[in-house]
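1. When you get a sec, could you give me coordinates for this:
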Amino acid sequence: MRIISSLVMFMSISCYAENYLCVADKASGFQFTKSNWEVANFKTDNKYLIKYSGIERFPLQVSKVGDDIPVIFCKEGFNSGGFLHCNSGGPLDMLGIVVGENFTLNQKSLRFMRVVPRGYINVVPGNKISDSKSGTPHIEIGKCSRI
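-> Reported below is the predicted structural model:
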């Protein structure tokens, strides 16, 4: 029984043995300036590491290079078409709180897209968040390499 358990554990780890380093090329979105929401370009110095998480419920995780805390946990691995779709809120997802962040990687083209929708829509009466204190919804695109 122990041998079977060890074999199953090894097989599931080896499925995710490939890690990826992803580098943002472009980032654009919206930010509130003075009295209006405006189109904005953002810095593209983000680098992400995609690797096995060690958590059964979330087989893969996406972390910013240099950070210990993942940005997103992935509920599934790559699908049969070679796409990794991660929709979660990083560590908050462990608590069942999904903040709507998305990270998608195409394993064949090695292109990725990260969508951060936080901001703008959370300005509602009663929550004390104003446009000037709201987040900045944005999208990043870039390329990855296997490491």
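2. Would you agree residue 40 is in contact with residue 136?
-> Yes - with contact defined as C-beta atoms under 8 Å, residue 40 reaches residue 136; the gap is 7.1 Å. In this view, the C-beta of every residue, glycine as well, is placed from N, C-alpha and C.
3. Mind listing the shared neighbours of these two?
-> The contact sets of residue 40 and residue 136 overlap at 29-31 (C-beta atoms under 8 Å, 6 or more residues apart in numbering).
4. Remind me what the longest strand anywhere in the chain packs against, helices and strands.
-> Identified as the longest strand of the chain according to DSSP state E is strand 20-33. Applying 3 or more C-beta pairs under 8 Å, 6 or more residues apart in numbering; DSSP states H and E, we find strand 20-33 packed against strand 36-41, strand 47-55, strand 111-116, strand 138-146.
5. how about those strands in JSON lines, adding distance to residue 126?
-> Below are these laid out as JSON lines (distance: least, C-beta to C-beta, whole Å):
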{"stretch": "strand 36-41", "distance to residue 126": "21"}
{"stretch": "strand 47-55", "distance to residue 126": "35"}
{"stretch": "strand 111-116", "distance to residue 126": "24"}
{"stretch": "strand 138-146", "distance to residue 126": "26"}
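6. Compare those strands and give me the one nearest residue 123.
-> Residue 123 lies closest to strand 36-41 among the helices and strands packed on strand 20-33, at 10.1 Å (C-beta to C-beta).
7. Now do the closest one against strand 20-33, angle only.
-> Put simply, strand 36-41 runs at 150 degrees to strand 20-33, going by axes from the mean of the first three to the mean of the last three C-alpha atoms, to 10 degrees.
8. Assumed residue 63 was part of a strand.
-> Yes - assessed with DSSP: H, G, I helix; E, B strand; the rest coil, residue 63 lies in a strand.
9. could we number from 23 for the rest of this?
-> Done: numbering now begins at 23, and the last item shifts to residue 85.
10. secondary structure class for the closest residue to it other than its chain neighbours?
-> Spatial nearest neighbour of residue 85, chain neighbours left out: residue 92 (4.7 Å); criterion: C-beta to C-beta, 6 or more residues apart in numbering. Three-state call for residue 92 (three-state DSSP): coil.
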